[in-house]
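Asks: Here's my sequence, what's the structure:
(one chain, ligands or ions: 2)
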Amino acid sequence: MTVRFGVIGTGAIGREHINRITNTLSGGRIVAVTDVNQKAAREVVETFGLDAVVYPDDTSLIADTNVDAVLVTSWGPAHEGSVLKAIDAGKYVFCEKPLATTEEGCMRIVEAEMKHGKRLVQVGFMRRYDSGYVQLKDALDRNEAGEPLMIYCAHRNPDVDEKYTTDMAITDTLVHEIDVLHWLVNDDYQSVQVIFPKRTKRALDHLRDPQVIIFETKTGMHISVEVFVNCKFGYDIQCEVVCEEGTLKLPDVSGVVMKKEGRQGSTLLMDWKRRFIDAYDKELQDFMDSIQASGEPQGPTAWDGYIAATTADACVRAQQSGQRETIASADKPDFYA
Ligand SMILES: NC(=O)C1=CN([C@@H]2O[C@H](COP(=O)(O)OP(=O)(O)OC[C@H]3O[C@@H](n4cnc5c(N)ncnc54)[C@H](O)[C@@H]3O)[C@@H](O)[C@H]2O)C=CC1
Ligand SMILES: O=C1[C@@H](O)[C@H](O)[C@@H](O)[C@H](O)[C@H]1O
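Replies: Numbering: from 1, shown residues only. Ligands and ions are numbered 1, 2, ... in the order given. Below is the predicted model:
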């Protein structure tokens, strides 16, 4: 069986996912698209040679009986409405982060999914599919370097546009570390503090950049993440776990090392599209394979989306208060065990 997708939002990542479902992965087909910018939706159909209906909005797209699964790649604030409509129609949903922009919004999705009675939703936390993070988790789960004590991370983007605000360093960027780090060490966040070091002169006036976010976990581990979104030199993701008997480090992306004219070096990636290309492929392939095999997606859940939202809310409070803020989440329902 082919999973027939309806896509809501045909911007940057919407096009990336349409391309991979159409040209790289197996078992999926795009049969419907919509975007508030209807011209962009029509262009995508033409560019990728899709046999797909262009709908005026998410409601009409979700109502199409040819659509088995909805791919939500619109702007964050629009996600909750589309996901709730899809659940109401009993359709599978792959939703890009954030699942919803508020803790309450994520909880509404969790409750709707539980009421439906089986899992329909997967959230696009692709780092759990990245081979580097998978190797790191495997080494941690096998206790290769002993108990983890501290984690040092960096999430660096070369630049961001003028719409990017100080809180987006948390909700748009850090959210990937929020999801992947507690999964990596099987722990829960307890509190968070945000520090603003010396500001880069390359950031626009309204943006505090870089930032350092320091978490404490329930077992007492300390996690420090530098978010620096005007670093200019490249797209750079770092993660090192300090354990009782050694350290474990996320491998850098490999590339050809050139030695020439007295210098040695390799090319750095400049954006997320290529850095996590294999992980995006794997997460969507897994989404399609698991709904075909077991009738439920097996990747990051709506509950993971909720945990990311409650944690991000506390980080934004910590940005504003300058104090250490407690991270309080509801107890995990058995449905997501
Ligand atoms: N997992 C990852 O690494 C990444 C995830 N994202 C997430 O994907 C989402 C989209 O990001 P981008 O593609 O970079 O943004 P974008 O601005 O390039 O595209 C968003 C598209 O959604 C459309 N749109 C907005 N509201 C809509 C609505 N109510 N109904 C239909 N269409 C609507 C816009 O017209 C635009 O074409 C965001 O939530 C973002 O956080 C983005 C980049 C990487
Ligand atoms: O999700 C992403 C973007 O939305 C975000 O703006 C970037 O900072 C992240 O590196 C990227 O993975």
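Asks: For the residue in the stretch 51-200 of the chain that ligand 2 sits nearest to, grab phi and psi.
Replies: Nearest residue of the stretch 51-200 of the chain to ligand 2, counting by Cβ to the nearest ligand atom: Thr173, 3.5 Å away. (Each C-beta comes from the backbone N, C-alpha and C, glycine too.) Per-residue torsions, Thr173: phi -110, psi -60 (degrees, to the nearest 10).
Asks: That one: how many residues sit nearby?
Replies: 21 (other Cβ atoms under 10 Å).
Asks: What residues does it make contact with?
Replies: His155, Asn157, Val227, Val229 (Cβ atoms under 8 Å, 6 or more residues apart in numbering).
Asks: and it, how far is that from Val227?
Replies: 5 Å (Cβ to Cβ, to the nearest Å).
Asks: And for Arg127?
Replies: In this structure, Arg127 and Val227 are 15 Å apart, going by Cβ to Cβ.
Asks: intersection of neighbour lists for Thr173 and Val227?
Replies: Residues within reach of Thr173 and of Val227 at once, by Cβ under 8 Å, 6+ apart, are His155.
Asks: So the helix ranked longest in the chain, near ligand 2 or not?
Replies: The helix that spans the most residues within the chain, counting by DSSP state H, is helix 302-321. No. Interface with ligand 2: helix 302-321 contributes nothing (Cβ under 6 Å from any ligand atom), its closest point being 11.9 Å away.
Asks: check whether that helix contacts ligand 1.
Replies: No. Between helix 302-321 and ligand 1, judged by Cβ under 6 Å from any ligand atom, nothing touches; the nearest distance is 11.5 Å.
Asks: now that helix, how far from the chain's geometric center?
Replies: Computed by Cα atoms, centre = their mean, to the nearest Å, the chain-centroid distance of helix 302-321 equals 14 Å.
Asks: burial measure for the residue in the stretch 201-337 of the chain that ligand 2 sits nearest to, as a count.
Replies: Nearest residue of the stretch 201-337 of the chain to ligand 2, counting by Cβ to the nearest ligand atom: Trp272, 3.8 Å away. Neighbourhood size, Trp272 [other Cβ under 10 Å]: 19.
Asks: Look up phi and psi at the closest residue to ligand 1 within the stretch 101-250 of the chain.
Replies: Per Cβ to the nearest ligand atom, Gly124 is where the stretch 101-250 of the chain lies closest to ligand 1, at 4.7 Å. When read as degrees, to the nearest 10, the backbone of Gly124 gives phi -80, psi 50.
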